[in-house]
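Asks: What follows is a predicted protein model with its sequence.
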Amino acid sequence: MFLHAALTPPSEVLEAVGLAVQAAQPPDVPVPQPPPPRRGAFERLSGRHVQVAEPRTEPVSVFELVPANRLCLSIAGFGSVTMGDAIRVAETLKEEAEQWATPTVHVAGAALHEASGRRSIVLTLDGEVAELQSVARAVTQCVQRRGFRFDRRVFQPHLEVATIAAAATPSQVMSFLNALEGFQGPPWAIDHLSLLKRSFDTAAIDSMEYLRIPLGRH
């Protein structure tokens, strides 16, 4: 299975974010489709009547919304692991997680994010963001000390809610961002770390929670 560590929002945050994003998404834009093929030489010479279809326009969405069950703050991916490796990663993190902070944050506005030629709409966070980043660093430092391999992505304290197609115009992107500018989400008390797993089946794109590790002392 594939394993990664992430911070997952509670249901009330997911619900508020989902409603706000759906309301803010600009409507689909009608896009002209390619014209029908021209009559061939045989039809022209024979005088046969060929009915030519009228040009069509179809609504095309330039934003793909991220499903609620994929919204999370990803910290580290461990790639393909055995069940034994997953257990060792979990035990390692549980040993130190009670020493980490339990910050409270909330969604506050939106921004355009660009990385590796990929553009997306993200919701930014406010509140105890510095403490949140310290939790992310603690996770990677913990597994690094124990010799586990993981991807060294830079932790991004935001929620990606939509990807942007190349056909999107600047005005469409700005419309989406402006509609989310004043959005304030409910408080999100980050009190656990989630280990998410995905099967080796390449058709499976959704992850399931393998283990929930409490943060701080309880």
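Replies: Nice, I can see it. Quick caveat: nothing in here was measured; it's all calculated off a predicted structure.
Asks: Nearest residue to the middle of this protein?
Replies: E160 (4.1 Å; CA atoms, centre = their mean).
Asks: pretty sure that residue is in contact with I121, am I right?
Replies: Yes - here E160 reaches I121: they are 7.4 Å apart, a contact under CB atoms under 8 Å. All C-beta atoms are positioned from the backbone trio N, CA, C, and that covers glycine.
Asks: who's in contact with the residue nearest to the centre of the chain?
Replies: V66, L71, H113, S120, I121, V122 (CB atoms under 8 Å, 6 or more residues apart in numbering).
Asks: what about the closest residue to A76 other than its chain neighbours, which SS state?
Replies: Of all residues not flanking A76 in the chain, F150 sits nearest, at 4.3 Å (CB to CB, 6 or more residues apart in numbering). Under DSSP: H, G, I helix; E, B strand; the rest coil, the three-state class of F150 is coil.
Asks: Mutual contacts of E160 and I121, please.
Replies: Here E160 and I121 share the contacting residues H113, scored by CB under 8 Å, 6+ apart.
Asks: Might you report the residue contacts of the closest residue in space to G182 that isn't next to it in sequence?
Replies: Distances taken as CB to CB, 6+ apart place G109 nearest to G182, at 7.4 Å, with adjacent residues excluded. Listed by CB under 8 Å, 6+ apart, the contact set of G109 reads L123, T124, L180, E181, G182, F183.
Asks: separation between the residue nearest to A76 and I75?
Replies: For F150, the distance to I75 equals 9 Å [CB to CB, to the nearest Å].
Asks: Of the two, which one has the most company?
Replies: Under the criterion of other CB atoms under 10 Å, the comparison of F150 against I75 puts I75 first, with 22 against 18.
Asks: Am I right that that one falls within a strand?
Replies: Yes - counting by three-state DSSP, I75 is located in a strand.
Asks: Many thanks, have a good one.
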